[in-house]
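**Student:** Need coordinates for the below:
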Amino acid sequence: MKKLTNTFAQYHNDPVVLLEGGLYGHMSHVYEDMSLSFYDLKDMISRLLQGHIKSVKEKVDGQALAVSINDEGQVIFARNKGHIKNFGQNALDWKGVCETFDDRGDLTDAFCYASKDISDALSKLPKKSQDLRFGDYDARVPTSDGKSMETTRVKRWLNFEIIWPETTNVVPYNHRLIILHNYDSFDIDGVKRDSDFNEFAEKIRNELEELNGDIQKKFKISTMSMLSLPPIRNFEQQRDEFLSRITAILSETGMNDSNKLGEYYARRVRDIIEQAANNNGFDLNDDIVNVLVNRWLYGQKKPNIRDVMNMIKTSAQQYDGVDQFQQWVKTSDTRDMLNKMLADVKKPIKDMVTDLGIAVMNNMKDFLTLDPTGASVDMKNAIEKVLQQVEATDDLEVTKKIDSYLASVHRAGGLDKIVPSEGLTFTYKPEHSETHSVYKLTGAFADINQIIGFFKYART
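**Tutor:** Numbering: from 1, shown residues only. Predicted coordinates for the structure are as follows:
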């Protein structure tokens, strides 16, 4: 197996698909990668539009879980870090999964039936295969700082997603599947140390097929096929349009292709802070700006907000504007205001990446759902139902929010052009890099998800 680093979505040799939810953590949107340079962003866009990126899979809109086998041959499951510590000492058996999701309607059925089916399937594997695939082993893995290698004891967990039509979030798949993804290996402390792309899952699936174990009582057990991205029609025209948007973004801030997305976002946050200081008549210094940029953009919580207030007060050359600027910082430091600020800061890049996803996804043909046309119609109908509810509320704030989500749907061609997929995952290796990064590209899906779930998951 190829060894992969444990840093932010960057790996040696082969990349690894990262999953979301439960144990798996968060997989990056392109616009979220602070270390991505504008040069690489341009190159990535060109490759995607031209169909030159090969490691591509459809992103699944299902429920996530991880499975392994302990030394006694018992199939065990993990949903969180506590389940995987000490090589699964406190992991769940299939009955424990049922109890964990008890009394949750269709979700109970999805997790309970799936854990029972995959438990029965993996129990069919010969003991020799169980030990080989899931027994703990010595792995040569990167150290925590990623600068060297070390040998440590680890155990593999196979990530999978449950496709159960009754628990559909947005995309109607119309069939019941357990989709095997990649493995992640964890040390005794529950720290992820090793992983692969899809070789391990393919081997498990092949073994189950040979044993007639891939068809269980409720589910078929399978893996995700690799997709081939065809080149976009009018590739050069679309590429030039995206690149001109990047040029305009760079010109606005005086940056160039060598700058990274994080530097661009930091510049915009800095501008907001300096503008607020000017508006309040406060004489700002670089130390305070740097502290606030690091706190708001990079999540550094030290110094705490009380110490930041003291820094502002003690740094003042004159008292004018201190109270007003302190109040602005305190208000901006709240979750809702900070989320709004960062959304505005990232909007030019996010909108462009959304449009890129729309262009690529509208060019896809093969989807996991059995009935792509029918799934698109169902998603359209779900959106129209929410729009009718919004109209009935006669609430301007609600209408404004929904209109903001609809903007990307309209850019994707409107309700009649909805793609029946959550998106795709792909790997990208910068031209002069030895490592791959793994990203997700979702097009208009995120906004479609917000619309369909607007009233279902609204805060009360």
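
**Student:** helices and strands around the host helix or strand of residue 291, which ones?
**Tutor:** In this assignment (DSSP states H and E), residue 291 forms part of helix 286-298. Applying 3 or more Cβ pairs under 8 Å, 6 or more residues apart in numbering; DSSP states H and E, one finds that helix 286-298 contacts helix 261-279, helix 305-315, helix 335-361. From N, CA and C alone the C-beta is placed, and that goes for glycine too.

**Student:** Buried residues of the last one, list them for me.
**Tutor:** In other words, helix 335-361. By 16 or more other Cβ atoms under 10 Å, the buried positions in helix 335-361 come out as 341, 345-346, 348-350, 352-361.

**Student:** what's the answer for stretch 365-380, then?
**Tutor:** Neighbour-count burial for stretch 365-380 flags 367, 368, 369, 372, 375, 376, 377, 378, 379, 380 (criterion: 16+ other Cβ under 10 Å).

**Student:** quick revisit: I'd like to know which of the helices and strands packed on helix 286-298 lies nearest to residue 169.
**Tutor:** Nearest of those to residue 169, taken as Cβ to Cβ: helix 335-361 at 17.1 Å.

**Student:** So what's the model's average confidence on the next helix or strand after that closest one?
**Tutor:** Downstream of helix 335-361, the first helix or strand assigned by DSSP H and E is helix 372-393. Helix 372-393 comes out with an average pLDDT of 90.

**Student:** pLDDT score for residue 225?
**Tutor:** At residue 225, pLDDT is 80.

**Student:** Contact partners for it?
**Tutor:** 57, 366 (Cβ atoms under 8 Å, 6 or more residues apart in numbering).

**Student:** Phi and psi next, for it.
**Tutor:** Main-chain torsions, residue 225, degrees, to the nearest 10: phi -70, psi 150.

**Student:** on that earlier part again, the helix holding residue 291 versus helix 335-361: what angle between them?
**Tutor:** Orientation of helix 286-298 against helix 335-361 (axes from the mean of the first three to the mean of the last three Cα atoms, to 10 degrees) gives an angle of 50 degrees.

**Student:** quick one: helix 286-298 to chain centroid distance?
**Tutor:** With Cα atoms, centre = their mean, to the nearest Å as the basis, helix 286-298 stands 26 Å off its chain's centre.

**Student:** Residue 291 is in contact with residue 305, isn't it?
**Tutor:** No: taking contacts as Cβ atoms under 8 Å, residue 291 lies outside contact range of residue 305: 10.4 Å.

**Student:** Tell me which of those two has more neighbours.
**Tutor:** residue 291 (18 against 13; other Cβ atoms under 10 Å).

**Student:** quick one: that one and residue 114, what's the gap?
**Tutor:** Distance, residue 291 to residue 114, by Cβ to Cβ, to the nearest Å: 47 Å.

**Student:** can you list contacts of the helix holding residue 291?
**Tutor:** Residues contacting helix 286-298 (Cβ under 8 Å, 6+ apart): 34, 262, 265-266, 269-270, 273-274, 300-301, 303, 308, 311-312, 315, 329, 332-333, 338, 341-342, 345.

**Student:** what do you get for stretch 91-98?
**Tutor:** 65, 68, 70, 74-79, 83-84, 100, 108, 111-112, 115-116, 119.

**Student:** In strands, which of those residues fall?
**Tutor:** By the criterion of DSSP state E, membership of the contacts of stretch 91-98 in strands covers 65, 68, 75, 76, 77, 78.

**Student:** Just the closest of those residues to residue 447, please.
**Tutor:** Nearest to residue 447 among these, with distances taken as Cβ to Cβ, is residue 65, at 27.3 Å.

**Student:** OK, contacts around the closest one?
**Tutor:** Counted by Cβ under 8 Å, 6+ apart, residue 65 has contacts 22-23, 77-79, 97, 111, 114-115, 159-162.

**Student:** Can you convert those residues into CSV and add a column each for distance to residue 46, neighbour count and pLDDT?
**Tutor:** Putting the contacts of residue 65 into CSV (distance: Cβ to Cβ, whole Å; neighbours: other Cβ atoms under 10 Å; pLDDT from 0 to 100) gives the following:
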residue, distance to residue 46, neighbour count, pLDDT
22, 35, 16, 44
23, 35, 22, 52
77, 42, 25, 97
78, 40, 25, 96
79, 40, 21, 91
97, 44, 26, 96
111, 42, 24, 96
114, 40, 29, 96
115, 43, 26, 97
159, 31, 25, 93
160, 34, 27, 94
161, 31, 23, 91
162, 36, 24, 94
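
**Student:** What residues sit buried inside the biggest strand by length in the chain?
**Tutor:** For the chain, the strand with the greatest residue count under DSSP E is strand 149-163. Within strand 149-163, the residues that count as buried by 16+ other Cβ under 10 Å are 152, 154, 155, 156, 157, 158, 159, 160, 161, 162, 163.

**Student:** go on, stretch 292-310?
**Tutor:** Result for stretch 292-310 [16+ other Cβ under 10 Å]: buried residues 292, 293, 294, 295, 296, 297, 308, 309.

**Student:** tell me how far the ends of that stretch are from each other?
**Tutor:** Taking Cα to Cα, to the nearest Å, the first and last residues of stretch 292-310 lie 13 Å apart.

**Student:** same check, this time on stretch 185-201
**Tutor:** 13 Å.

**Student:** model confidence over that stretch, on average?
**Tutor:** Averaging pLDDT along stretch 185-201 gives 88.

**Student:** cool, stretch 428-446 as well?
**Tutor:** 80.

**Student:** starting at the chain centroid, how far to that stretch?
**Tutor:** 11 Å.

**Student:** Number of residues surrounding the closest residue to residue 439 other than its chain neighbours?
**Tutor:** In this structure, residue 439 finds its nearest non-sequential neighbour in residue 30, 5.1 Å apart by Cβ to Cβ, 6 or more residues apart in numbering. Residues lying near residue 30 (other Cβ under 10 Å) number 25.

**Student:** so how far is residue 343 from residue 30?
**Tutor:** Taking Cβ to Cβ, one finds residue 30 at 16 Å from residue 343.

**Student:** same question, residue 98
**Tutor:** Noted for residue 98: a distance of 39 Å to residue 343, by Cβ to Cβ.

**Student:** and what of residue 265?
**Tutor:** According to Cβ to Cβ, residue 265 stands 11 Å off from residue 343.

**Student:** Over to residue 391?
**Tutor:** Distance from residue 391 to residue 343, by Cβ to Cβ: 25 Å.
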